[in-house]
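1. Structure, please.
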Amino acid sequence: MSLLLAITTATLAAAPLDVPRAGSEAVEHPLLALADPVGTSTVQAAGQPQAPQVSRTVRVVSEVLVAGAAGTLTGALGAYLGCIGSLSSESSCSEGTVAAGLVTGFGLAVAVMVPLTGSYFDAQGSPWVSWFGQALGAGTALAIGQGSASRLMWFAPPLMLAGAVLGYELSARPTSVPAPPRATSVEKVSVIPSFGPDGRAGLVVAGRL
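-> Below you'll find the predicted structure:
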């Protein structure tokens, strides 16, 4: 018995001091021993607002003005060329040829400029539907004119333009509502040193929104 007691006493005396004893308090975690922050940086992030979408009214007015102006110029050129080609010995132009040149030039310009103007405003309409509406306008003008070149020159340009714009707008996709800009967020990032009871050191990065 005395020999066993002596061995136990020698073993306890030789044990290192930093070995935790039974029943002693747990060693504090190194990351829980925090000191004052040594560095703090603030990051600001502001969302950029998206470009506002153009309303349909502005787009329709632009299509009518641009296509109408281009159609008037090309229609006048077509009428002039038709007049030159139909000059008679009495230096007079054929009214039917002038009307054909006017309607042809106006229709070609409208068929090109309406889809181009709409696509400029990201309407994404169908040129085929626009041309179909323009053809309906031309057919209506022919029905109203009933063989009269003068009435065809008066009714064909506005009906063709209206049909082209209406067809393009009916086939256009609805524009999505722009998302509101994000609110400005402020982030604070702190770098905190950590020291443990065993002499080990570390850094803790903490953030706050």
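2. can you list the weak-confidence ranges in this protein?
-> Within the chain, the segments meeting pLDDT under 70 span 1-52, 87-91, 174-209.
3. mind listing the helices for the protein?
-> Ranges of helices within the chain are 2-14, 56-85, 95-120, 127-145, 149-171, based on DSSP state H.
4. Format these as CSV; extra columns: mean neighbour count.
-> Just so you know, the C-beta spots here come from the backbone N, C-alpha and C atoms, and that holds for glycine as well. Below are the helices of the chain laid out as CSV (neighbours: other C-beta atoms under 10 Å):
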stretch, mean neighbour count
helix 2-14, 8
helix 56-85, 17
helix 95-120, 21
helix 127-145, 18
helix 149-171, 21
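5. residues contacting the residue nearest to Val54 when sequence neighbours are not counted?
-> Of all residues not flanking Val54 in the chain, Phe121 sits nearest, at 4.9 Å (C-beta to C-beta, 6 or more residues apart in numbering). With contacts defined as C-beta atoms under 8 Å, 6 or more residues apart in numbering, Phe121 is in contact with Val54, Val58, Arg59, Ser62.
6. Kindly present those residues as JSON lines, with separate columns for distance to Gly101.
-> Output for the contacts of Phe121, formatted as JSON lines (distance: C-beta to C-beta, whole Å):
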{"residue": "Val54", "distance to Gly101": "35"}
{"residue": "Val58", "distance to Gly101": "33"}
{"residue": "Arg59", "distance to Gly101": "30"}
{"residue": "Ser62", "distance to Gly101": "27"}
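7. just those now: which is nearest Gly133?
-> Comparing the contacts of Phe121 against Gly133 with C-beta to C-beta places Arg59 closest, at 15.8 Å.
8. ok, the residue lying closest to the closest one once chain neighbours are set aside to Thr97 distance?
-> Nearest residue to Arg59, sequence neighbours excluded (C-beta to C-beta, 6+ apart): Phe121, at 4.6 Å. Using C-beta to C-beta, to the nearest Å, Phe121 is found at 37 Å from Thr97.
9. May I have the residues that are in contact with the spatially closest residue to Ala149 that is not a sequence neighbour?
-> Among residues not flanking Ala149 along the chain, Ala99 sits closest, at 3.9 Å (C-beta to C-beta, 6+ apart). If you count contacts by C-beta under 8 Å, 6+ apart, Ala99 has them with Ala79, Gly82, Ala149, Ser150, Leu152, Met153, Ala156.
10. Likewise for Gly105?
-> Going by C-beta under 8 Å, 6+ apart, Gly105 touches Gly71, Thr74, Gly75, Ala76, Leu77, Gly78, Ala79.
11. The fourth one is in contact with Leu102, isn't it?
-> Yes. Using C-beta atoms under 8 Å, Ala76 is in contact with Leu102, at 7.4 Å.
12. Common neighbours of those two, please.
-> By C-beta under 8 Å, 6+ apart, no residue touches both Ala76 and Leu102.
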